[in-house]
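Student: Pasting a predicted model and its sequence here:
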Amino acid sequence: NAGVTQTPKFQVLKTGQSMTLQCAQDMNHNSMYWYRQDPGMGLRLIYYSASEGTTDKGEVPNGYNVSRLNKREFSLRLESAAPSQTSVYFCASSEDRERGYTFGSGTRLTVV
Amino acid sequence: QKEVEQDPGPLSVPEGAIVSLNCTYSNSAFQYFMWYRQYSRKGPELLMYTYSSGNKEDGRFTAQVDKSSKYISLFIRDSQPSDSATYLCAMKIETEYGNKLVFGAGTILRVKS
């Protein structure tokens, strides 16, 4: 099925460890996004990429880096994980003027 | 103050009730207004999308936008247990770097059979 695929689905990290969350879409969308979701906070934008080769910061970028590897893939990296980064991470994609975003099923990350 | 305010609930109603979910916003630059539904441990899925002030109906769902009051609503008629989910309002803004969605905190809805 067409859509947004995120890996892994679950991850437990120790404080200070690094990891990369992977995201791929097969809808030929130009724009891709990384959000985090915390209880009572809704979805907050971490980084986004309006097109291949461009990235920009969102609302909560500190502690994260991103790479738009090609049009399909947009990865999120935590260089030194902290307990405050325990969250559910969602990747999404859209056309520039499409009505809505298509979301992946999320990555549940716990940092201990 | 958050750009988008949404009562987190939870909101508990009996089956068949009419549900009203609401959001207010402060940024006049928001151009598109959406409602997403999110089931437990799933990603959000687009439910309704509107651009102008007024009402838009889709089956049991009606989305309402009042730009003058900076207020949007989602009404669910004849609510069903399968409607139990978190409902997130979202608003799109165009920037020089592309478009962005800003979400409300989400309202948890429970429909009791």
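Tutor: Noted; the coordinates are in hand.

Student: Just want the residue of chain B that's nearest chain A.
Tutor: Using CB to the nearest CB, B:G98 is the residue of chain B that sits closest to chain A, at 3.0 Å. Every residue, glycine included, has its C-beta placed from N, CA and C.

Student: Who does that residue form a beta bridge with?
Tutor: B:T95 (DSSP bridges).

Student: try B:V19
Tutor: Counting by DSSP bridges, B:V19 is bridged to B:I76.

Student: can you pull the contacts of it?
Tutor: Neighbouring residues of B:V19 by CB atoms under 8 Å, 6 or more residues apart in numbering or on different chains: B:11, B:13, B:74-76, B:79, B:83, B:109, B:111.

Student: do A:Y47 as well
Tutor: Each residue near A:Y47 by CB under 8 Å, 6+ apart is listed here: A:33-34, A:55-58, A:61, A:64, A:66, A:76.

Student: correct me, but A:Y35 touches A:Y48?
Tutor: No: contact criterion CB atoms under 8 Å: A:Y35 and A:Y48 do not qualify, at 9.2 Å.

Student: any idea how far B:S53 is from B:S28?
Tutor: 13 Å (CB to CB, to the nearest Å).

Student: Could you report the neighbour count for the closest residue to chain B within chain A?
Tutor: Distance from chain B to each residue of chain A (CB to the nearest CB) is smallest for A:A50, at 3.0 Å. The tally of other residues near A:A50 (other CB atoms under 10 Å in any protein chain shown) stands at 21.

Student: Likewise for A:E59?
Tutor: 14.

Student: Now B:L11. Its backbone dihedrals?
Tutor: Recorded main-chain torsions at B:L11 are phi -110, psi 120, according to degrees, to the nearest 10.

Student: which residues touch the residue most central in space within chain A?
Tutor: For chain A, A:W34 is the residue whose C-alpha lies nearest the centre (CA atoms, centre = their mean; 3.0 Å). Under the criterion of CB under 8 Å, 6+ apart, the neighbours of A:W34 are A:21, A:23, A:45-48, A:58, A:64, A:66, A:74, A:76, A:89-91.

Student: Same question for B:C23.
Tutor: Neighbours of B:C23 in contact, by CB under 8 Å, 6+ apart: B:4-6, B:71-73, B:89, B:104.

Student: name the element it belongs to?
Tutor: Assessed by DSSP states H and E, B:C23 sits inside strand B:19-25.

Student: Give me the contacts around the helix or strand just after that strand.
Tutor: Heading C-terminal from strand B:19-25, the first helix or strand you meet, by DSSP H and E, is strand B:32-38. With CB under 8 Å, 6+ apart as the test, strand B:32-38 has contacts from A:99-100, B:21, B:44-51, B:61, B:63, B:65, B:72, B:74, B:85-92, B:101, B:103, B:106.

Student: Just put the contacts of A:Y47 in JSON lines and tack on secondary structure and pLDDT.
Tutor: Formatted as JSON lines, those follow (DSSP: H, G, I helix; E, B strand; the rest coil; pLDDT from 0 to 100):
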{"residue": "A:Y33", "secondary structure": "strand", "pLDDT": "94"}
{"residue": "A:W34", "secondary structure": "strand", "pLDDT": "97"}
{"residue": "A:T55", "secondary structure": "coil", "pLDDT": "93"}
{"residue": "A:D56", "secondary structure": "strand", "pLDDT": "91"}
{"residue": "A:K57", "secondary structure": "strand", "pLDDT": "92"}
{"residue": "A:G58", "secondary structure": "coil", "pLDDT": "90"}
{"residue": "A:P61", "secondary structure": "coil", "pLDDT": "96"}
{"residue": "A:Y64", "secondary structure": "strand", "pLDDT": "98"}
{"residue": "A:V66", "secondary structure": "strand", "pLDDT": "97"}
{"residue": "A:L76", "secondary structure": "strand", "pLDDT": "98"}
